[in-house]
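Q: Model the following, please.
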Amino acid sequence: MNQNSSLDDGTDRHYVGVDLIDNGQGHTQKWGWRRHGDTDFTMLLSIGAQVTRVARIRKTKRRFKLRRKDFLFLVLLTAGALFVHGYHPWAEDGALYIPGVEKLLNQRLFPFNAQFFESHAHLTLFPDLIAGSVRISHLPLPYALFLWNLLSIFLLLFACWELAGKCFSRSASRYAAVAMVAALMTLPVAGTALYILDQYLNPRNLTAFVGILAIAKVLDRKYVMAALLLLFGAAIHPLMSAFAMSLCFLLFCVERFESHRALGVCLLPFGFLDPPSAAYHQVAATHTYFYPMQWRWYEWLGAIGPVVILWWFSRIARCKQMRNMALVSRTLVLYQTIFVIAAVAVSAPARFESLARLQPMRSLHLVYILLALFSGGLLGEYVLEDRWWRWMALFLPLCAGMFHAQRVLFPASAHIEWPGAMSRNPWVQAFEWVRDNTPADAIFALDPYYMNAAGADENGFRAIAQRSMLADAVTDSGAVTMFPPMAEEWLEQVRAQNDWPRFQVQDFRRLQAKYGVNWVVLQQPGVMDLPCPYQNQTVKVCRLD
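A: Reported below is the predicted structural model:
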């Protein structure tokens with residue numbers, strides 16, 4: 001508190017002014033001039049209350065430094081998140097990103113069709129970072145992926161811990177905020193085909209913490225640190241980092257200007273205006289999450305509902321004098337409104353179809369993380385408090401529900417696919433046999449929709465088998481939607497595999513003559529006239545002599 005100042009107005013009364021340095025959110029709060037003879041006692045009580053509050057908040061800030069027990073809490077929460085949400089290193093987009101790492105570690109791999117994963121790999125330092133860690137540590141790749149995945153979970157929880165400390169003054173609120181994010185990590189993000197955090201390592205996971213921690217640094221006015229974080233994120237995942245940059249810049253502007261003046265600062269890059277080809281249109285049409293106008297009603301509810309809730313949170317925060325939470329919530333409402341408008345604009349006219357690959361609605365990823373964070377913090381502040389049974393009543397059913405959802409998604413695989421452990425998934429077993437028993441330059445063909453087959457659990461052939469294959473209609477189509485020049489080649493290969501379940505020997509010979517395919521992976525019972533050195537109850541691996 002600054003020293004009191006006095007002012008003589010020419011009468012026998014004096015005025016007293018007080019400036020409080022900290023109002024609990026890092027900004028000066030000024031008390032006006034008051035006359036000694038009016039409300040001295042009331043004024044002194046008010047000043048005393050404010051001084052006590054400032055001292056308590058400063059003590060709280062010191063306490064909120066990452067102490068040993070807080071670090072232990074985050075470590076245990078990381079382990080808890082792993083056990084609730086599971087780990088499947090080769091599933092879904094892992095099949096797109098991991099081959100880029102494997103190619104860096106062994107240049108002999110993937111002599112055919114590498115463009116379908118290298119298109120992503122060339123735009124990010126993710127493969128170089130993971131491959132470099134393998135070379136330095138001499139760990140097998142599966143172990144390195146597992147440790148990096150744990151690190152990505154820990155970093156997101158740490159970032160949430162830091163931001164919660166800027167928005168809530170009570171320890172219970174901070175713990176509850178971070179615990180809520182940990183419990184909801186595999187919550188689907190509306191119609192975007194994203195989770196808050198995936199069950200496998202990928203660039204999105206590794207940069208999820210960047211936006212949250214950068215927001216905390218902007219609130220602290222540590223802009224250089226925020227910029228460095230965002231640059232790191234851009235090097236790992238340029239698209240997702242663009243949303244984090246937009247939100248941080250918008251937050252910076254909203255803090256200094258009125259919201260309507262900040263409306264123009266969150267800009268979507270409107271490039272890529274070349275008209276799409278017919279092949280690109282065909283592949284893009286299979287990815288409805290690119291086009292919000294095709295979303296179902298409940299997906300739109302998942303997009304608009306959080307905006308309404310955050311507006312409500314901003315009102316609560318203002319009433320409770322939680323300045324930072326009110327500021328971030330208000331900014332998020334503006335941020336998401338901008339991107340909803342952008343998403344509708346680029347997905348409605350056909351001429352902007354290629355722009356839809358920017359996926360403006362991915363802005364919801366940050367919105368969902370912060371919605372979970374603020375929801376947990378408010379529950380901790382006003383409901384959970386220090387009553388342990390309330391914590392159990394909230395988080396045990398929540399975690400049980402998330403656990404059950406993951407078991408439904410990956411029924412044929414272990415909940416946590418530990419590195420080095422034998423897989424119980426028959427598709428993975430066949431792919432591992434391929435990796436260990438076929439030449440590195442072998443070219444495989446599979447059902448282009450094999451990742452959607454019963455029991456496959458969306459495990460990717462390339463990532464596990466480390467062998468080349470014809471284009472598939474699931475993972476490779478995702479790469480094509482981001483890189484339209486590959487559309488014609490992708491469509492030609494997928495059409496060559498049309499009607500795969502009815503293929504006979506002559507159809508495989510046609511693929512062999514055109515693309516050099518010399519191995520195929522078939523679902524049982526397969527084709528009887530081919531030599532198949534490996535088979536299990538679900539699939540067989542056959543050679544084209």
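Q: element containing Val541?
A: Secondary structure assignment for Val541, by DSSP states H and E: strand 539-543.
Q: Please name every helix or strand in contact with that strand.
A: Contacts defined by 3 or more CB pairs under 8 Å, 6 or more residues apart in numbering; DSSP states H and E place strand 539-543 against helix 426-437, strand 519-523, strand 534-535. Backbone N, C-alpha and C define where each C-beta goes, glycine included.
Q: Tell me which of the ones you listed sits most buried.
A: Scoring the helices and strands packed on strand 539-543 by mean neighbour count under mean count of other CB atoms under 10 Å gives strand 519-523 as the most buried, with a mean of 23.
Q: by how many degrees do it and helix 426-437 diverge?
A: For strand 519-523 and helix 426-437, the angle between their directions (axes from the mean of the first three to the mean of the last three CA atoms, to 10 degrees) works out to 160 degrees.
Q: now for strand 519-523, which elements pack on it?
A: Strand 519-523 is packed against helix 426-437, strand 443-445, strand 539-543, with contacts defined by 3+ CB pairs under 8 Å, 6+ apart.
Q: Specify the angle between the first one and strand 539-543 in degrees.
A: Right, helix 426-437. Interaxial angle, helix 426-437 versus strand 539-543 (the same axes, to 10 degrees): 30 degrees.
Q: CA atoms only for helix 426-437, dumped as CSV, please.
A: Provided in CSV are the C-alpha atoms of helix 426-437 (Å, rounded to 0.1, in the frame of the first residue of the first chain):
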residue,chain,number,x,y,z
PRO,A,426,-5.4,-60.3,-34.0
TRP,A,427,-4.9,-57.5,-36.6
VAL,A,428,-2.0,-56.1,-34.7
GLN,A,429,-0.5,-59.6,-34.3
ALA,A,430,-0.7,-60.1,-38.1
PHE,A,431,0.9,-56.7,-38.7
GLU,A,432,3.7,-57.5,-36.2
TRP,A,433,4.4,-60.8,-38.1
VAL,A,434,4.7,-58.8,-41.3
ARG,A,435,7.2,-56.4,-39.7
ASP,A,436,9.4,-59.3,-38.5
ASN,A,437,9.1,-61.7,-41.5
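Q: hmm, who's touching it?
A: With contact meaning CB atoms under 8 Å, 6 or more residues apart in numbering, helix 426-437 is reached by 90, 412-413, 423, 442, 444, 450, 453, 455-457, 459, 461, 464-467, 519, 521, 533-541.
Q: same deal with stretch 397-413?
A: Outside stretch 397-413, the residues within contact range by CB under 8 Å, 6+ apart are 80, 84-86, 88, 91, 183-187, 199, 415, 423-428, 455-457, 459.
Q: ranges for the helices of the stretch 351-500 of the chain?
A: Applying DSSP state H, counting those that start in this stretch to the stretch 351-500 of the chain gives helices spanning 364-379, 388-409, 426-437, 461-465, 475-482, 487-496.
Q: Need these in a markdown table (columns: mean pLDDT).
A: What follows is the helices of the stretch 351-500 of the chain, written out as a markdown table (pLDDT from 0 to 100):
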| stretch | mean pLDDT |
| --- | --- |
| helix 364-379 | 96 |
| helix 388-409 | 96 |
| helix 426-437 | 97 |
| helix 461-465 | 96 |
| helix 475-482 | 82 |
| helix 487-496 | 91 |
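Q: now, of the ones you listed, which is deepest in the fold?
A: helix 461-465 (a mean of 27).
Q: contact partners of that one?
A: So helix 461-465 is in contact with 89-90, 94-95, 98-99, 102, 110, 117, 428, 431-432, 434-435, 438, 444, 446, 450, 467-469, 472, 521, going by CB under 8 Å, 6+ apart.
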